[in-house]
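Provided below for reference: sequence and predicted model.
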Amino acid sequence: MRKLQKLVLWLIACRIEGNWRKIDRNRKQMKRLIAGKVPYTSDKLIQLDMETARLGQEAMTMQRCYREMERAG
(Lines give C-alpha, C1' and ligand atoms only; values in the text may rest on other atoms or scores of the structure.)
Protein backbone atom coordinates (compact mmCIF):
# COMPACT_ATOMS: atom_id res chain seq x y z
CA MET A 1 0.00 0.00 0.00
CA ARG A 2 1.40 3.38 -0.94
CA LYS A 3 2.22 6.00 1.66
CA LEU A 4 -0.35 8.45 0.30
CA GLN A 5 -3.09 5.86 0.46
CA LYS A 6 -2.14 5.01 4.05
CA LEU A 7 -2.33 8.69 4.93
CA VAL A 8 -5.74 9.06 3.31
CA LEU A 9 -7.02 5.99 5.16
CA TRP A 10 -5.68 7.40 8.43
CA LEU A 11 -7.40 10.75 7.80
CA ILE A 12 -10.70 9.04 6.98
CA ALA A 13 -10.39 6.94 10.14
CA CYS A 14 -9.80 10.10 12.21
CA ARG A 15 -12.92 11.72 10.76
CA ILE A 16 -14.97 8.59 11.42
CA GLU A 17 -13.80 8.50 15.05
CA GLY A 18 -14.54 12.21 15.41
CA ASN A 19 -18.05 11.74 14.10
CA TRP A 20 -18.77 8.89 16.51
CA ARG A 21 -17.46 10.97 19.42
CA LYS A 22 -19.75 13.85 18.42
CA ILE A 23 -22.66 11.42 18.13
CA ASP A 24 -21.94 10.11 21.63
CA ARG A 25 -21.71 13.66 22.98
CA ASN A 26 -25.01 14.61 21.31
CA ARG A 27 -26.77 11.53 22.70
CA LYS A 28 -25.59 12.34 26.22
CA GLN A 29 -26.75 15.93 25.83
CA MET A 30 -30.15 14.77 24.54
CA LYS A 31 -30.50 12.41 27.54
CA ARG A 32 -29.75 15.32 29.90
CA LEU A 33 -32.33 17.50 28.18
CA ILE A 34 -34.99 14.77 28.32
CA ALA A 35 -34.18 14.07 31.98
CA GLY A 36 -34.62 17.80 32.59
CA LYS A 37 -38.18 17.56 31.25
CA VAL A 38 -37.49 19.53 28.06
CA PRO A 39 -40.31 18.91 25.59
CA TYR A 40 -39.50 16.53 22.75
CA THR A 41 -40.50 19.29 20.35
CA SER A 42 -37.95 21.78 21.71
CA ASP A 43 -35.71 23.41 19.13
CA LYS A 44 -32.54 22.33 20.92
CA LEU A 45 -33.57 18.66 21.05
CA ILE A 46 -34.67 18.65 17.41
CA GLN A 47 -31.43 20.34 16.34
CA LEU A 48 -29.31 17.80 18.24
CA ASP A 49 -31.30 14.92 16.76
CA MET A 50 -30.89 16.21 13.21
CA GLU A 51 -27.16 16.78 13.71
CA THR A 52 -26.77 13.28 15.16
CA ALA A 53 -28.57 11.75 12.18
CA ARG A 54 -26.38 13.69 9.73
CA LEU A 55 -23.19 12.68 11.56
CA GLY A 56 -24.29 9.03 11.59
CA GLN A 57 -25.01 9.03 7.87
CA GLU A 58 -21.67 10.71 7.17
CA ALA A 59 -19.81 8.20 9.36
CA MET A 60 -21.44 5.26 7.60
CA THR A 61 -20.55 6.69 4.19
CA MET A 62 -16.95 7.26 5.25
CA GLN A 63 -16.73 3.72 6.67
CA ARG A 64 -17.90 2.31 3.34
CA CYS A 65 -15.32 4.45 1.53
CA TYR A 66 -12.61 3.32 3.96
CA ARG A 67 -13.41 -0.37 3.35
CA GLU A 68 -13.40 0.08 -0.42
CA MET A 69 -10.07 1.93 -0.37
CA GLU A 70 -8.57 -0.69 1.94
CA ARG A 71 -9.63 -3.52 -0.40
CA ALA A 72 -8.30 -1.69 -3.45
CA GLY A 73 -4.98 -1.05 -1.76
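Nice, thanks for sending it over.

Following the helix or strand containing I34 in sequence, what is the next regular element?
Using DSSP states H and E, I34 maps to helix 3-35. Moving toward the C-terminus from helix 3-35, the next helix or strand (DSSP H and E) is helix 43-72.

quick one: buried residues of that following helix?
Neighbour-count burial for helix 43-72 flags 45, 48, 52, 55, 59, 62, 66 (criterion: 16 or more other C-beta atoms under 10 Å). In this view, the C-beta of every residue, glycine as well, is placed from N, C-alpha and C.

The first one touches R32, doesn't it?
In other words, L45. No. If you go by C-beta atoms under 8 Å, L45 and R32 don't touch, sitting 10.4 Å apart.

Got the confidence number for the residue nearest the centre of the chain?
Centroid-nearest residue in the chain: N19, 2.8 Å away (criterion: C-alpha atoms, centre = their mean). In the predicted model, N19 carries a pLDDT score of 98.

That one touches L55, doesn't it?
Yes. Contact criterion C-beta under 8 Å: N19 and L55 qualify, at 4.7 Å.

picking up where we left off before, in space, what's closest to the residue nearest to the centre of the chain - neighbours in sequence excluded?
Nearest non-adjacent residue to N19, counting by C-beta to C-beta, 6 or more residues apart in numbering: A59, 4.1 Å away.

Contacts only, for that neighbour.
16, 19-20, 23 (C-beta atoms under 8 Å, 6 or more residues apart in numbering).

for L45, same thing?
30, 33-34, 38-39 are the contacts of L45 under C-beta under 8 Å, 6+ apart.

ok, 10 Å please
29-30, 33-34, 38-39 (C-beta atoms under 10 Å, 6 or more residues apart in numbering).

how about these in a markdown table, adding pLDDT?
Below are these laid out as a markdown table (pLDDT from 0 to 100):
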| residue | pLDDT |
| --- | --- |
| Q29 | 98 |
| M30 | 98 |
| L33 | 97 |
| I34 | 97 |
| V38 | 96 |
| P39 | 96 |
